[in-house]
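Enquirer: Take this sequence and fold it.
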Amino acid sequence: MSGLCLTAGSLLAAIPLSTFSLATIDNVDGSRQEVLWRIEGKQLVSGASPSRREDGSQLAVSTQLPRRVPRLLVTHAPGAPKKELCIDGRCRPLENLLPGIEATAVIELAPCP
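Expert: Numbers count the residues shown, from 1 in each chain. From the prediction side, this is the model:
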């Protein structure tokens with residue numbers, strides 16, 4: 001199994017997984033968009049996510065074509081859209097996975113070496 005490494009400054013969290021979704025929650029209207037990601041070697045590969053979650057709630061769906069990137073950079077700051085990491089349908093705020101994160105930080109998500 002692959003792993004996802006999250007870093008912000010000197011903080012690091014390694015999560016054993018091969019697929020996950022990254023949710024973005026709009027601060028104004030509360031709308032939610034999730035994008036599925038999978039780890040392939042040293043790359044993150046995106047794809048569209050299902051339009052409904054297991055709990056029946058509606059999602060906005062990314063319809064962009066799959067793309068490959070070596071890492072994702074996410075802004076963590078007051079006023080920035082909230083991000084959640086979802087694994088097997090269970091979502092947690094990204095900042096909760098990095099205890100002690102500064103109020104303003106850049107979170108990097110990348111395949112673990």
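Enquirer: Which helix or strand contains the most centrally placed residue in the chain?
Expert: The residue lying closest to the centre of the chain (CA atoms, centre = their mean) is residue 22, at 2.9 Å. Here residue 22, judged by DSSP states H and E, is contained in strand 19-25.
Enquirer: Going by neighbour count, which residues of that strand are buried?
Expert: 20, 21, 22, 23, 24, 25 (16 or more other CB atoms under 10 Å). Every residue, glycine included, has its C-beta placed from N, CA and C.
Enquirer: thought the last one was touching residue 34?
Expert: No. Using CB atoms under 8 Å, residue 25 and residue 34 do not qualify as a contacting pair, with a distance of 9.9 Å.
Enquirer: what's the weakest-modelled helix or strand in this structure?
Expert: Ranked by mean pLDDT, DSSP states H and E, the weakest helix or strand in the chain is strand 60-61, scoring a mean of 50.
Enquirer: what's downstream of that strand, the next helix or strand?
Expert: Strand 60-61 is succeeded, C-terminally, by strand 68-69 (DSSP H and E).
Enquirer: Find the nearest non-adjacent residue to the residue nearest to the centre of the chain, please.
Expert: Distance criterion CB to CB, 6 or more residues apart in numbering; nearest residue to residue 22, sequence neighbours excluded, is residue 35 at 5.6 Å.
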